[in-house]
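> have a look; sequence and predicted model below, questions after that.
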Amino acid sequence: MGNPHTREAFKNAMANFLKRKPESLDDNAVLLELVQESFLLVEMIIELQEQFPIRLSQEDLRAVRTVGDLLQMLIAKTA
């Protein structure tokens with residue numbers, strides 16, 4: 001399932017951006033329910049790309065619906 005420290009770092013960064021506690025970000029949580037305004041979701045993705053050495057394309061993000069989906073995508077991009 002990838003490096004747990006990387007997963008934790010991504011989750012902490014997401015929680016910080018969303019002003020939530022990391023443990024409140026359940027893997028099954030739908031991103032658009034956590035972030036009502038889609039531009040904030042885009043901002044979060046940009047922030048993650050700036051904070052970590054990764055690049056995500058629109059194609060990469062098409063299948064991302066939940067926190068767990070995004071975490072898996074981020075981990076896959078660091079592999």
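Noted; the coordinates are in hand. Residues are numbered from 1 along each chain as shown.
> could you pull out the helices for the chain?
Applying DSSP state H to the chain gives helices spanning 4-18, 31-34, 38-51, 58-61, 67-78.
> for Ser24, find the nearest of these.
Closest approach to Ser24 among these is made by helix 4-18 (7.1 Å; C-beta to C-beta). C-beta here means a position set from N, CA and C on the backbone, and glycine is covered the same way.
> who's in contact with the closest one?
For helix 4-18, the surrounding residues in contact (C-beta atoms under 8 Å, 6 or more residues apart in numbering) are 1, 21-22, 24-25, 34-35, 43-44, 47-48, 51-52, 67, 70-71, 74-75, 78.
> can you check stretch 44-63 too?
Outside stretch 44-63, the residues that reach it (C-beta under 8 Å, 6+ apart) are 9-10, 13-14, 17-18, 35, 69, 73-74, 77-78.
> ok, the residue nearest to the spatial centre of the chain - contacts?
The structure's the chain has its C-alpha centroid closest to Leu70; by C-alpha atoms, centre = their mean the separation is 4.4 Å. Leu70 makes contact with 10, 14, 31, 64, according to C-beta under 8 Å, 6+ apart.
> any low-confidence regions in this protein?
For the chain, applying pLDDT under 70 flags the ranges 1-5.
> go again using 50 as the cut-off
Filtered on pLDDT under 50, the chain yields the residue ranges 1.
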